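> no sequence on hand, only this structure:
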């Protein structure tokens, strides 16, 4: 069905599609306009016994769309009408996140990424039924767990200074950088030294934090960040994990900044099992 991440049948994207749906003026036909009016925005999937209290929550769109629960043999999807022309505006992204955070406080939720739209409720319900066992298995796996994300940002000038002071290749090339080729080699050596330092920082962070989680996964590269990793924790281990992150930040020093976010809905672990 709608996909929280980019792989696995549990998250296949048929019959869903990314927002945005065509509006009547864009489609030019009554049939397309009718299809757009039936489009269903999907926030996440929960088990049949999830409390799913939605009364005080607002959905995406302006005005905010009303949330509802779509039941299908052991699981339910939390959905709303899909606003025509939906885009990733701050208000809508925050509304999507808030719905998932509140559902996560009430119980276990399989979160969808922002912008997942089903053609209509019938097709969504059919897919939920088809993938029922897979969804229930992942819900059981994630029960009582939450995601924490950790990013580590390094001061670039600090990394350059470290390379100049500690890397023999950089030191040698600095003494002989009169020609263009030599200056190019020096730049390449500095870049290689910085990359090696960032990899060492990442390894140290993962060696410290990974044993305190049930599993972890590296996230996409973020500008300026030596580390972007997400960790899945049992709720009982969250306090110890947060303390470990704070200790790690102090050990890394003032010129290396560690950023922790969480607890979050387990976006990164709906299909990921373990990092090899």
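Perfect, I can see it now. Values in this document were obtained by computation on a predicted structure and should not be read as measured data. Numbers count the residues shown, from 1 in each chain.
> now residue 200: which helix or strand?
helix 180-209 (DSSP states H and E).
> show me which residues of that helix are buried.
185-186, 189-190, 193-194, 197-198, 201-202, 205-206, 209 (16 or more other CB atoms under 10 Å). Just so you know, the C-beta spots here come from the backbone N, C-alpha and C atoms, and that holds for glycine as well.
> tell me how far that helix lies from the chain's centre.
Chain-centre distance of helix 180-209: 26 Å, with CA atoms, centre = their mean, to the nearest Å.
> ok so, going back, so which of the buried residues of helix 180-209 comes closest to residue 217?
residue 206 (10.5 Å; CB to CB).
> would you confirm that that closest one contacts residue 231?
No: with contact defined as CB atoms under 8 Å, residue 206 does not count as touching residue 231 (9.3 Å).
> so what sits against both of those two?
residue 216 (CB atoms under 8 Å, 6 or more residues apart in numbering).
> who does the helix holding residue 200 touch, helix- and strand-wise?
Secondary-structure packing of helix 180-209 (3 or more CB pairs under 8 Å, 6 or more residues apart in numbering; DSSP states H and E): strand 145-154, helix 156-166, helix 168-175, strand 225-234, helix 238-252.
> domains for the protein, by residue range?
9-143, 146-269 (automatic domain parsing).
> which one of these has the lowest average pLDDT?
Of all the domains of the chain, the minimum mean pLDDT falls on domain 9-143 (a mean of 83).
> can you give me how far that domain is from the chain middle?
With CA atoms, centre = their mean, you get 17 Å for domain 9-143.
> before we move on, back to that, could you pull out the buried residues of the next helix or strand after the helix holding residue 200?
Once the chain leaves helix 180-209, the next helix or strand it forms, by DSSP H and E, is strand 215-218. Buried positions in strand 215-218, judged by neighbour count with 16+ other CB under 10 Å: 215, 216, 217.
> for strand 215-218, which helices and strands make contact with it?
Against strand 215-218 (3+ CB pairs under 8 Å, 6+ apart) you get strand 225-234.
> strand partners (parallel or antiparallel) of the strand it packs on?
In the sheet containing strand 225-234, its partner strands are strand 145-154 (antiparallel), strand 215-218 (antiparallel), by DSSP bridges.
> tell me the most buried of the ones you listed?
Highest mean neighbour count among the strands paired with strand 225-234 (mean count of other CB atoms under 10 Å): strand 145-154, with a mean of 21.
> re the thing from before, could I get the buried residues of strand 215-218 as JSON lines with distance to residue 42?
As requested, the buried residues of strand 215-218 are exported to JSON lines (distance: CB to CB, whole Å):
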{"residue": "215", "distance to residue 42": "25"}
{"residue": "216", "distance to residue 42": "27"}
{"residue": "217", "distance to residue 42": "23"}
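> just those residues now: which is nearest residue 251?
residue 216 (19.1 Å).
> mind listing what the closest one touches?
So residue 216 contacts 206, 209, 210, 229, 230, 231, 232, 275 (CB under 8 Å, 6+ apart).
> over to residue 148?
213, 230-231, 233, 238, 241-242, 245, 260-264 are the contacts of residue 148 under CB under 8 Å, 6+ apart.
> out of the residues you listed, which are buried?
For the contacts of residue 148, buried by 16+ other CB under 10 Å: 213, 230, 231, 233, 238, 241, 242, 245, 260, 262, 263, 264.
> the helices and strands packed on helix 180-209 into CSV, with extra columns for distance to residue 78?
Formatted as CSV, the helices and strands packed on helix 180-209 follow (distance: least, CB to CB, whole Å):
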stretch, distance to residue 78
strand 145-154, 18
helix 156-166, 43
helix 168-175, 54
strand 225-234, 21
helix 238-252, 24
